[in-house]
Each structure stands twice: as C-alpha cells, then as structure tokens.
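Enquirer: From the sequence below, what's the structure:
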Amino acid sequence: MSISITPFVPGQAIPKPQIPTTDDSVARQRAWQTARDFESFFISRSLDSMFSGLKTDGPFGGGQGESMFRGILNEEYGKIMGGAGGIGIADAVYREMIRLQEGNGNANA
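Expert: Below is the predicted model of the structure:
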C-alpha cells in the first residue's frame, strides 16, 4: 500500500478530501463520518501528549482548574482542527474502511 502525504505549507490552500456525494450509499456516508471522528480523536490525543509536559505556572495558568479541563480543551481543539480539514488521516482511514467493506483486499496487505 502506498500513501501520498502532501506537506502543509503556510499560506497555501488545504486541499479538501473527497467527500461522498449524495448518490453514495448510507454506509459510505457513515464511514466518512466515522473517519472524521477518528481523526478528531487522534488529534486530541496527540495534543494531550504534546501538552503533558508543559508548565503552566504564572498568574493566569496552572492550578486545579487547568488540570481538570485541559483534556476537554484538547478534545475541542481536535474537533475544530478535524472539521477545518484535519491533517489528512480521515481521507486515508475512509479509503481503507471502504476497501475493507467492499472486500477488495485483506487487512494485512
């Protein structure tokens, strides 16, 4: 399997992934939404890891409140980033889900 990755260049338009059209089946629509949800979840978990060692001391940071709500904030960041085009994971996950649903290969290929 080959995956092409297009690097992000600031100021350049982000290409939109191929979204299923209205003539596609309901299963394809659900697969696309699941792929987008997965990408948002992946982004939020990546942000959790990224912010885990960040010191937030100071007059406007840290404390019990921030430690309680950091995960929720990262989850919302993931949803926003995923909804704005994401990082390309949803498109690859969607293609793989459709390939497996249609039986066009095995999972080990």
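Enquirer: average pLDDT for stretch 81-89?
Expert: For stretch 81-89, mean pLDDT rounds to 84.
Enquirer: Likewise for stretch 44-64?
Expert: Here the average pLDDT along stretch 44-64 is 77.
Enquirer: And V26, how far from P59?
Expert: 52 Å (Cβ to Cβ, to the nearest Å). For the C-beta atoms, the positions are set from N, CA and C on the backbone; glycine is no exception.
Enquirer: Which one's more surrounded, those two?
Expert: V26 (8 against 5; other Cβ atoms under 10 Å).
Enquirer: so what's that one up against?
Expert: For V26, the contact set (Cβ atoms under 8 Å, 6 or more residues apart in numbering) is empty.
Enquirer: quick one, longest helix in this protein?
Expert: Ranked by number of residues, the top helix in the chain under DSSP state H is helix 26-51.
Enquirer: neighbours of S25, just the number please.
Expert: Residues lying near S25 (other Cβ under 10 Å) number 10.
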